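Asks: 3D model of this:
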Amino acid sequence: MGSATYGVPPPFDEAQAARQLARALDNGGWLHPILVEDAPLEDGELAYADASAFGWRFHAVEVPYEHRTVMVGGPLLFAATAIVSWASNRRRRRDAERQAMPQWRALGQIRVVVSSSRLLVLHDGSWYPVWYSAIAAVRPMPDSGMLDLTFVADPPYRLAGTGICSLAPFIERTIAASA
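Replies: As a prediction, this is how the structure comes out:
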């Protein structure tokens, strides 16, 4: 007699869920609209998913650094402190440049509502629209549970969370339909 486990859901397979959704969409299926009361949907806009994720943006930032000059004493001590000041300022400037370079910068916990015309991203209490027409590429990474969205003119998003990659086929089909 075999044993059964009750009350424990099977592990979520992101790649399998994405393949199932893609097959359903290929066969004429579509997601069913859901009710999302607090998202700023426009008239006639339907919500299809409401997900919690961890987000990143790939962009540069401005990092200020303090430029210091210390010169004291006679000619020899004056020259030595000038060289040390120059070297310290150079190191601080290089550190600031390295920190400012474009890289993945954490946004923290975000909420993503997938609608019929856009993604709505809730970050720090504000909703940001991500129009499908602005998305140039969708790259799901099911092994890591991440989804990259590349844009025509803005820095890319990286989203991670349970079920996030599964939405890639829907987003891709919606982008293609709106083109």
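Asks: now do the residue of the chain positioned farthest from its centre against residue 177, distance only.
Replies: Distance from the C-alpha centroid of the chain, by Cα atoms, centre = their mean, peaks at residue 74 (55.5 Å). Residue 74 sits at a distance of 77 Å from residue 177 (criterion: Cβ to Cβ, to the nearest Å). All C-beta atoms are positioned from the backbone trio N, CA, C, and that covers glycine.
Asks: report the mean confidence score over the longest helix seen in the chain.
Replies: When the chain is parsed with DSSP state H, its longest helix is helix 75-100. The pLDDT scores in helix 75-100 average 75.
Asks: quick one: buried residues of the very next helix or strand once past it?
Replies: As assigned by DSSP states H and E, the chain's next helix or strand after helix 75-100 is strand 103-115. Buried residues in strand 103-115, defined by neighbour count with 16 or more other Cβ atoms under 10 Å: 107, 110-115.
Asks: mind checking how far the next helix or strand after strand 103-115 is from the chain centre?
Replies: Once strand 103-115 ends, the next helix or strand along the chain (criterion: DSSP H and E) is strand 118-123. Strand 118-123 has its C-alpha centroid displaced from the chain centroid by 11 Å (Cα atoms, centre = their mean, to the nearest Å).
Asks: elements contacting strand 118-123?
Replies: On a contact count with 3 or more Cβ pairs under 8 Å, 6 or more residues apart in numbering; DSSP states H and E, strand 118-123 meets strand 103-115, strand 126-131.
Asks: what's the first helix or strand after the lowest-mean-pLDDT helix or strand in the chain?
Replies: In the chain, the helix or strand scored least confidently by mean pLDDT, DSSP states H and E is helix 14-26, which has a mean of 60. Where DSSP H and E defines the elements, the next helix or strand beyond helix 14-26 is strand 47-59.
Asks: okay, buried residues for that following strand please.
Replies: 47-51, 53-57.
Asks: and residue 151, what are its bridge partners?
Replies: Judged by DSSP bridges, the bridge partners of residue 151 are residue 135.
Asks: brilliant, that's me finished.
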